[in-house]
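Enquirer: need the 3D shape of this:
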Amino acid sequence: MLFKHISRLAAAASIAAGLFTSGAAYAETQLVVGYQQIVGPFVAAIADGRFDAAAKEAGYTIDWRQFSSAGDITTALASGDVPIGVLGSTGTASAATRGVDLQLFWILDNIGKSEALVAREGSGITKPEDLKGKKVAVPFVSTSHFHLLVGMSKVWNMDPREVEILNLKPPQIVAAWQRGDIDAAYVWPPALSEILKTGKVISDSEVIGAASVPTFDGLVVAKGWAEENPKFMEAFTRVLAESYADYNANKAAWTVDSPQVQGIVKLIGGDGAATVEALELLSFPEASEQASNTWLGGGATNALNESARFLVEQKQIDKALDDYAPYVNSSFAQAAAK
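Expert: Purely as a prediction, here's the structure:
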């Protein structure tokens, strides 16, 4: 059950990979951008219309679509319906390995403490080793999934087969948690904030990342589409750079009732207090750091390489690529940093 969803993506990716080499699959001035339930300046800039304004000036119209899991958005990317979308580091490595000709061009966040393994009150779980024989929910092909498996096999000396791991999307995790159907879950806000009301963190991605590799959320683009639409990519990345610089310079103004936080809540759910808390758990690199060796200049490639090797170990993919550097593009961040 653990890896069935991955295999279903393989067929879609291999069939649709060719669509990424041509702009013919997309309308000339309209495109779909897929996002997920993550907090940050990216989502705030969607909500306040900055991306739409920049796109219009560049001659484009954006159709924003929310996806609830990495698996869903990977399928949409592979089908050719979505040329730009949000994927975590693990999802990016998996999609690239499957033959989807994409490029990571922006780091949305360094995940750290914002993804955590939470045990439900009354579950009898006080430490990760207590997960044996328990039901643990996580969205498959996500950074949370990756770090859960890394934690078990590399940090806590556990066999993942000793745990019943369930593939649930964040909203499904909250529903299952409230029904008492699961004992623990590894997820991100706003679902994380909700389950923490009756649960306790027993590990997180900062701890596991320090023992392995850090995880991140990023924006990926179909390589062929980006090459044929440089004007849009420049405008889009410029808004990203401006919104990230604005957040880092004025984060104290992002309060519960601020328009930025309320904009995020409107788009992905949750509440103001939980959103502010989630923002504080993440770090948001600005354009110059994006383009540096820390991220798109080398660090992100290393994270993808390590993620892919682990996916092979867990039999989620048959074979890792020799190098994931071709799937990372720092040029747009470099231009935005000037």
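
Enquirer: which residues touch the nearest residue to L77 once chain neighbours are set aside?
Expert: Take L77 and drop its neighbours on the chain: the residue closest to it by CB to CB, 6 or more residues apart in numbering is G85, 5.4 Å away. Placement of C-beta: from N, CA and C, glycine included. Listed by CB atoms under 8 Å, 6 or more residues apart in numbering, the contact partners of G85 are V33, G34, Y35, F67, I73, A76, L77, L219, V220.

Enquirer: tabulate the residues you listed in JSON lines, adding columns for neighbour count.
Expert: Below are these laid out as JSON lines (neighbours: other CB atoms under 10 Å):
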{"residue": "V33", "neighbour count": "19"}
{"residue": "G34", "neighbour count": "23"}
{"residue": "Y35", "neighbour count": "20"}
{"residue": "F67", "neighbour count": "21"}
{"residue": "I73", "neighbour count": "25"}
{"residue": "A76", "neighbour count": "19"}
{"residue": "L77", "neighbour count": "29"}
{"residue": "L219", "neighbour count": "23"}
{"residue": "V220", "neighbour count": "29"}
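
Enquirer: with respect to G122, which of the residues you listed is nearest?
Expert: Among these, F67 lies closest to G122 (CB to CB), at 32.5 Å.

Enquirer: what's the mean pLDDT across the one helix or strand the residue nearest to L77 maps to?
Expert: If you go by DSSP states H and E, G85 is part of strand 84-88. Per-region confidence: strand 84-88 scores 95 on mean pLDDT.

Enquirer: point out where the stretch 51-200 of the chain drops to low pLDDT.
Expert: Scanning the stretch 51-200 of the chain for pLDDT under 70 picks out no residues.

Enquirer: can you give me phi and psi for I38?
Expert: phi -130, psi 150 (degrees, to the nearest 10).

Enquirer: before we move on, the earlier item: and the strand holding G85, C-alpha only, in CSV?
Expert: Coordinates of each C-alpha in strand 84-88 appear next as CSV, following Å, rounded to 0.1, in the frame of the first residue of the first chain:
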residue,chain,number,x,y,z
ILE,A,84,4.3,25.8,-13.1
GLY,A,85,3.6,24.3,-9.7
VAL,A,86,4.6,23.8,-6.1
LEU,A,87,6.5,20.6,-5.2
GLY,A,88,8.6,19.7,-2.2
